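> return atomic coordinates for the entry below.
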Amino acid sequence: MDTIKDIARKANVSVTTVSKVINNYEDISTATREKVMKIIDETNFRPNANARSLITNKSHAIGIFFKDHYNSGLQHPFFRSIIYGLEQKFCDAGYDLVLFSSKWGDNYRYLEKCRYRQVDGAILMGMPRSDKSLDDLVKSNIPTVFVDLDIIGKNATYVISDNIQGAEMAVEHLYDLGHRRIAMIMGEKMTKPAQDRLLGYQQSLNKYNLEYKQDWIVEGEFSEDGGYSSMEKILKMEKKPTAIFCQGDEIAIGAIKAIKDNNLSVPGDFSIIGFDDIEISSYIDPGLTTIHQNKFEMGLKAAELLLRIANNPRKSYSPAIMPVSLVERDSCRKIN
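Below is the predicted model of the structure:
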């Protein structure tokens with residue numbers, strides 16, 4: 001069985017060059033890469049994981065951290081789709097994924113976990129920016145990419161959807177349908193998506209000279225329970241909106257349930273628009289009009305950025321702002 005030294009000899013290059021080709025380093029010419037890969041294919045070479053680790057000082061494992069308030073794990077509809085994207089990109093590049101437990105104590109240390117498991121990089125999703133233990137990781141030499149959290153460091157960047165534009169799309173759609181009294185149910189206020197979606201909502205109200213009422217901004221959680229309880233508050237208002245922009249699809253599903261439980265209808269009494277386009281949004285009754293985030297592509301992009309940082313840590317990498325789109329279904333109606 002050929003070794004990495006045999007591949008280097010046959011290609012007339014150094015062992016280091018073969019290692020860089022195997023690990024997708026960017027500082028290898030196309031001609032050299034093609035020559036080495038041709039010999040690897042011809043010999044059906046498969047690098048030994050332990051030997052490769054000794055040569056490259058890499059484990060070829062990536063740590064995945066994600067957290068939501070309900071500790072729903074891989075059942076979470078947003079994170080699950082992103083993880084599928086991460087898995088495809090990393091596996092194609094020869095990396096395994098290490099999924100860290102989401103049931104953490106108050107003294108959780110990301111950097112310690114990464115070093116203990118010897119991962120080559122980390123992807124983090126759902127952490128509050130107030131989490132102080134993130135600072136140690138960002139200041140370290142471990143390549144890190146955040147999802148939905150705008151943190152940049154010497155070896156760190158982030159991927160996020162264009163939440164401001166998405167919120168503007170939602171309000172514009174309701175405005176075009178004739179709605180002038182548009183409320184919003186927020187997710188967790190301190191998260192980056194919630195803040196950006198609030199900003200987009202406010203900017204659109206200002207653009208269309210619509211009434212801004214603080215009472216119509218109801219703070220909740222990114223969950224069905226949060227949407228249900230927030231909608232109950234709106235139903236008790238003396239002056240009610242005709243449409244509600246929900247900052248997440250799970251919020252919208254909870255809001256629709258609250259409306260139905262009060263013998264009202266969607267979109268007959270209230271038009272509802274969500275954000276995320278999770279799978280169930282097309283199956284509920286009525287089908288949910290929403291802002292689509294390409295969660296799988298977010299996973300691919302996060303993995304791509306992490307591999308680029310890992311293979312060329314001397315460069316700085318700009319964050320990736322992913323486009324969003326409007327998906328029209330049946331939860332909004334035109335009014336006069």
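
> quick one: contacts for residue 229?
220, 254, 258 (CB atoms under 8 Å, 6 or more residues apart in numbering). Using the backbone N, CA and C atoms, a C-beta is placed for each residue, glycine as well.

> so which of those are in helices?
Cross-referencing these against helices under DSSP state H gives 254, 258.

> for the contacts of residue 229, which one is nearest residue 281?
Lowest distance from residue 281 to those (CB to CB) belongs to residue 254, with 12.7 Å.

> quick one: the closest residue to that closest one other than its chain neighbours from residue 331, how far?
Setting aside the residues directly before and after it, residue 254 is nearest to residue 227 in space (CB to CB, 6 or more residues apart in numbering), at 2.7 Å. As judged by CB to CB, to the nearest Å, residue 227 and residue 331 stand 13 Å apart.

> show me the residue at the heart of the chain, geometrically.
residue 147 (4.3 Å; CA atoms, centre = their mean).

> quick check: phi and psi on it?
Residue 147 adopts backbone torsions of phi -120, psi 120, taken as degrees, to the nearest 10.

> that one: what's it in contact with?
Residue 147 neighbours (CB under 8 Å, 6+ apart): 82, 123-126, 158-160, 298, 302.

> mind putting the residues you listed in JSON lines, distance to residue 97 included?
Shown next, in JSON lines, are the contacts of residue 147 (distance: CB to CB, whole Å):
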{"residue": "82", "distance to residue 97": "12"}
{"residue": "123", "distance to residue 97": "9"}
{"residue": "124", "distance to residue 97": "13"}
{"residue": "125", "distance to residue 97": "13"}
{"residue": "126", "distance to residue 97": "16"}
{"residue": "158", "distance to residue 97": "19"}
{"residue": "159", "distance to residue 97": "16"}
{"residue": "160", "distance to residue 97": "21"}
{"residue": "298", "distance to residue 97": "16"}
{"residue": "302", "distance to residue 97": "12"}
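
> now those as CSV including distance to residue 237, neighbour count and pLDDT?
Formatted as CSV, the contacts of residue 147 follow (distance: CB to CB, whole Å; neighbours: other CB atoms under 10 Å; pLDDT from 0 to 100):
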residue, distance to residue 237, neighbour count, pLDDT
82, 36, 28, 93
123, 41, 26, 97
124, 38, 26, 95
125, 34, 25, 91
126, 31, 20, 83
158, 37, 22, 97
159, 37, 26, 98
160, 32, 20, 97
298, 36, 23, 97
302, 40, 28, 97
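
> which stretches of the stretch 151-300 of the chain form strands?
For the stretch 151-300 of the chain, applying DSSP state E, counting those that start in this stretch gives strands covering 156-161, 182-186, 217-219, 243-246, 271-276, 289-293.

> can you give me the neighbour number for the nearest residue to residue 207 once chain neighbours are set aside?
In space, and not counting its chain neighbours, residue 207 is closest to residue 168: 7.9 Å by CB to CB, 6+ apart. Number of residues near residue 168 (other CB atoms under 10 Å) recorded here: 21.

> correct me if wrong: residue 168 contacts residue 203.
Yes: with contact defined as CB atoms under 8 Å, residue 168 reaches residue 203; the gap is 6.3 Å.

> roughly how far does residue 59 sit from residue 233?
From residue 59 to residue 233 the distance is 50 Å (CB to CB).

> tell me which of those two has more neighbours.
Higher neighbour count among residue 59 and residue 233: residue 59, with 18 against 15, using other CB under 10 Å.

> check which helix or strand that one maps to.
Element membership for residue 59, per DSSP states H and E: none, as it lies in no helix or strand.

> quick one: which of the contacts of residue 147 is nearest residue 241?
Checking the contacts of residue 147 one by one against residue 241 (CB to CB), the nearest turns out to be residue 160, at 27.8 Å.

> my guess is that closest one meets residue 323, correct?
No: counting by CB under 8 Å, residue 160 stays clear of residue 323, with 11.4 Å between them.

> show me where pLDDT drops low in the stretch 1-150 of the chain?
By pLDDT under 70, the weakly predicted segments of the stretch 1-150 of the chain are 1, 24, 46-57, 68-75, 101-108.

> mean confidence score for stretch 318-332?
Averaged across stretch 318-332, pLDDT comes to 97.

> run a quick neighbour tally on the nearest residue to residue 253 once chain neighbours are set aside.
Of all residues not flanking residue 253 in the chain, residue 224 sits nearest, at 5.3 Å (CB to CB, 6+ apart). Neighbours of residue 224 under the rule other CB under 10 Å: 19.

> residue 224 contacts residue 249, doesn't it?
No: Residue 224 is beyond contact range of residue 249, at 9.5 Å (criterion: CB under 8 Å).

> re earlier: which of the contacts of residue 229 lies closest to residue 294?
Distances from residue 294 to the contacts of residue 229, taken by CB to CB, are shortest for residue 254, at 23.9 Å.
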